[in-house]
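Student: A structural model of the following input is requested.
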Amino acid sequence: MFEAVVMVCAALAGEPCRAALVPGYESASMAACKDALAARPVAGATCRAAGPALDVREVAPGVFVHRGAVAEPDAQNGGDASNLGFVIGQSAVAVVDSGSAAWMGEALWRAIRARTDLPVRYLLLTHVHPDHVLGARVFEATGAEVIGHAGLPRALAERQAGYLESLERQIGAERFLGTAPPQVTRGVEARLEIDLGGRVLELRAWPAAHSSTDLTVLDRQSGTLFAGDLLFDAHVPALDGNLRGWQAALGEMAKIDAQRVVPGHGGPVLDWPQGAAPVLRYLSVLAEETAAAIAAGERLSEAIAHVAQGEARQWQLFEAFNPRNATQAFTELEWE
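Tutor: Residues are numbered from 1 along each chain as shown. Below is the predicted model of the structure:
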C-alpha cells in the first residue's frame, strides 16, 4: 500500500521533521497515489510506501482494540500508553479515542484502512486526558464528527497548554510533531445514540468520577462496552475527578447489559461486570483508609505515606499514581 504525506517540522532551523499522513490517498500502487494527488492536490504532499499501522485485535465481530503499554508516556513508547478502538458498521466507522500524539492517530487510521474503506464518521473521546485525545488530527482532517462529554471542550481549553508541553517533553519533539488538541463538535449531556448503519452505539456521559468528563460507549450489537478510564486493568487506577462519584458510576455501570468491557488501560478486554471488581476494591480501600486517617486527625503528608499501601502488589505504576490518588481523596473526603 501507498499513502500521501507532508513534512511537518519544528519552528527552528535544524530541529526535527516528521512525515505526517494525509488521509484519503491510500492506494494499491504508487501510480494510483500520485494520480489521486494530481486530482486533489495538497501543498507539499508526496506519495510513499505506507507507514506502520497500530496492532489491533478483533475482540468481537467488527470491534477492534489496540492495547497500549501499561506505562507512562516516554520516548521509548512514543506515548502509546492507552487503549484505543474502532467499531465498523454497515455504512460507517466510529473510533474510540485517538492516542497521545498525531502519529498514533495516523497509525490507527492505517489499521482501520487495512480492514474497511467505509468512512470514519465519528471520533468518540472518553475523557480529557492527553493519552486518549491528542491523536485526533487525522480524523478531524477527514471530517469526522468529534464527540465527547459536554464538559470536554472547557476541560481541554483549561488544560491543553500543559498537556501539550508535558507530552512533548515525555515522548520527544519528533514524535510529537503535528499534534494539536481536538475540537469537539458535539457534547453529550446525558445520552446519545449514533448509527453506523445497522449498528447503534450508545454514548453516556457520567458525573465526575475518574475525571470530570467521562464518557462510555456501548456497542449493542456485540455487547462490548468501552469504559475509557472508568476502568483500569494492571495499571493502578488514577483519580482525577471524584472518588465517591467514581464508586457510584461503577455501581451504575454494573447494570449495563454488556458481555465484555474494554478498559482504558490493560486488558484489552475483560468480562463484564466481573472485570470491574479490582478497581472497586482499590477505590474502596482508598476511601476507607483515607476516611480513617482524617478521623484520626492525620495531616495530608502523613496520610499519603500509608493510605492504600496494601494494594501496592496488585497494580503496576503504583508509586507513580497512588500518592496522587491519596491526595485527591484526602482533599475530597475531609469535607464530608
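Student: drop to CA atoms for contacts and neighbour counts, all remaining ones
Tutor: OK.
Student: Quick check, Ala312 in contact with Phe321.
Tutor: No: here Ala312 does not reach Phe321: they are 10.6 Å apart, not a contact under CA atoms under 8 Å.
Student: so what's Ile88 up against?
Tutor: Gly62, Val63, Ala94, Thr116, Leu196 (CA atoms under 8 Å, 6 or more residues apart in numbering).
Student: one more time with 7 Å
Tutor: Gly62, Val63, Ala94 (CA atoms under 7 Å, 6 or more residues apart in numbering).
Student: show me where this structure has helices.
Tutor: Ranges of helices in the chain, per DSSP state H, are 30-39, 102-113, 130-133, 137-141, 152-171, 173-176, 243-253, 277-295, 300-303, 318-333.
Student: need the contact list for Ala180.
Tutor: Here Ala180 is in contact with Leu134, Arg137 (CA under 7 Å, 6+ apart).
Student: Could you tell me what pLDDT the model assigned to it?
Tutor: We note a pLDDT of 93 for Ala180 in this prediction.
Student: Now the most centrally placed residue in the chain. Nearest residue, chain neighbours left out?
Tutor: By CA atoms, centre = their mean, the chain has its centre lying nearest to His132, at 2.5 Å. Using CA to CA, 6 or more residues apart in numbering and skipping residues adjacent in sequence, the residue nearest His132 is Gly99, 4.5 Å away.
Student: I'd like the helices of the chain laid out as CSV, including distance to Leu84 and mean pLDDT.
Tutor: Listed next are these as CSV, based on distance: least, CA to CA, whole Å; pLDDT from 0 to 100:
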stretch, distance to Leu84, mean pLDDT
helix 30-39, 28, 95
helix 102-113, 8, 98
helix 130-133, 8, 96
helix 137-141, 14, 96
helix 152-171, 18, 95
helix 173-176, 18, 91
helix 243-253, 20, 98
helix 277-295, 20, 98
helix 300-303, 35, 96
helix 318-333, 21, 97
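Student: Any idea which of those helices gets closest to Leu123?
Tutor: Evaluated with CA to CA, the helices of the chain place helix 137-141 nearest to Leu123, the distance being 7.0 Å.
Student: neighbouring contacts of that closest one?
Tutor: Here helix 137-141 has contacts from Pro23, Ala102, Gly105, Glu106, Thr179, Ala180, Pro182, using CA under 7 Å, 6+ apart.
Student: 8 Å instead, please
Tutor: 21-23, 102, 105-106, 109, 120, 123, 146, 179-182.
Student: With stretch 265-276 instead?
Tutor: Contacts for stretch 265-276 (CA under 8 Å, 6+ apart): 59, 65-70, 81-83, 228-229, 231-235, 250, 254, 258-263.
Student: Quick check: mean pLDDT of it?
Tutor: The model assigns stretch 265-276 a mean pLDDT of 97.
Student: ok, the nearest residue to Gly24 once chain neighbours are set aside - how many residues close by?
Tutor: In space, Gly24 comes closest to Thr142 once its chain neighbours are excluded; the distance is 7.5 Å by CA to CA, 6+ apart. For Thr142, the neighbour count with other CA atoms under 10 Å is 14.
Student: mind checking pLDDT for the nearest residue to Tyr282 once chain neighbours are set aside?
Tutor: Spatial nearest neighbour of Tyr282, chain neighbours left out: Glu311 (6.9 Å); criterion: CA to CA, 6+ apart. Listed pLDDT for Glu311 reads 98.
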